[in-house]
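1. dropping a prediction and its sequence here:
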Amino acid sequence: MRKLSTTGGRRAGAAGQAIAEFAIAAIPMLLLLLGILQFALIYNSQVGLTNAIRDAARYGSSIAVTDVATATTAANSTRTFLLGELPKYVSPYDATKVVTSATQVCYVQHSDGTTSGQPAFVRVTLAYAHPLFVPIISFILDGFDGVSDSAYRITVTTELVDDNPTQETLIVGTTPVCNS
């Protein structure tokens, strides 16, 4: 009878079987790891975008706005400020990925239930098409935002009360005044 070759109590073919099992298990694990990496990059950009629009809303709330003309000027100024601040907050940042049609700064009025005046709010909305880097995960995620463009669209919005102490009543009516 022939004796099997053993190494440390194992058969010689067991090492080859372990490599095959590792290769089978490594593929889903690699996909999971790459998916986590892609979501981490998207989440990092979303946090940066949120911080940028909050900063822009604070900037916009400090501008004195009393009528439609000053509201339009303030909205344009706040949007320019926002676009200038984005590289500080989003990494990696690409200015061509800002969805300009969905990026907007508006001054709006809400009734607070008093008759003395209605507070003004600055509403900042920003859309950014974050590039998808991981090939297989990109294929899965690309359609979730409704557009197949190898990017995941992140949209963030914030609204902040205009805290200008010299302003008693904003006279813009019920229609929001947005950047042009």
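-> Received the coordinates, thanks. Numbering: from 1, shown residues only.
2. which residues of this protein score low on pLDDT?
-> 1-15, 111-118, 163-174 (pLDDT under 70).
3. element containing the residue lying closest to residue 103 once chain neighbours are set aside, please.
-> Counting by C-beta to C-beta, 6 or more residues apart in numbering, residue 103 lies nearest to residue 126, which is 5.0 Å off, once chain neighbours are set aside. Using the backbone N, CA and C atoms, a C-beta is placed for each residue, glycine as well. Assessed by DSSP states H and E, residue 126 sits inside strand 120-131.
4. quick one: the following helix or strand past that strand to chain centroid distance?
-> Scanning forward in sequence from strand 120-131 by DSSP H and E, the next helix or strand is helix 135-141. What separates the centre of helix 135-141 from the centre of its chain is 18 Å, taken as C-alpha atoms, centre = their mean, to the nearest Å.
5. pull the residues that contact helix 135-141.
-> With C-beta atoms under 8 Å, 6 or more residues apart in numbering as the test, helix 135-141 has contacts from 31, 34-35, 38, 132, 150, 152.
6. how about it: buried residues?
-> With burial defined by 16 or more other C-beta atoms under 10 Å, the residues of helix 135-141 counted as buried are 137-138, 141.
7. follow-up on the earlier one: distance of the residue nearest to residue 103 from residue 66?
-> Applying C-beta to C-beta, to the nearest Å, the value for residue 126 to residue 66 is 26 Å.
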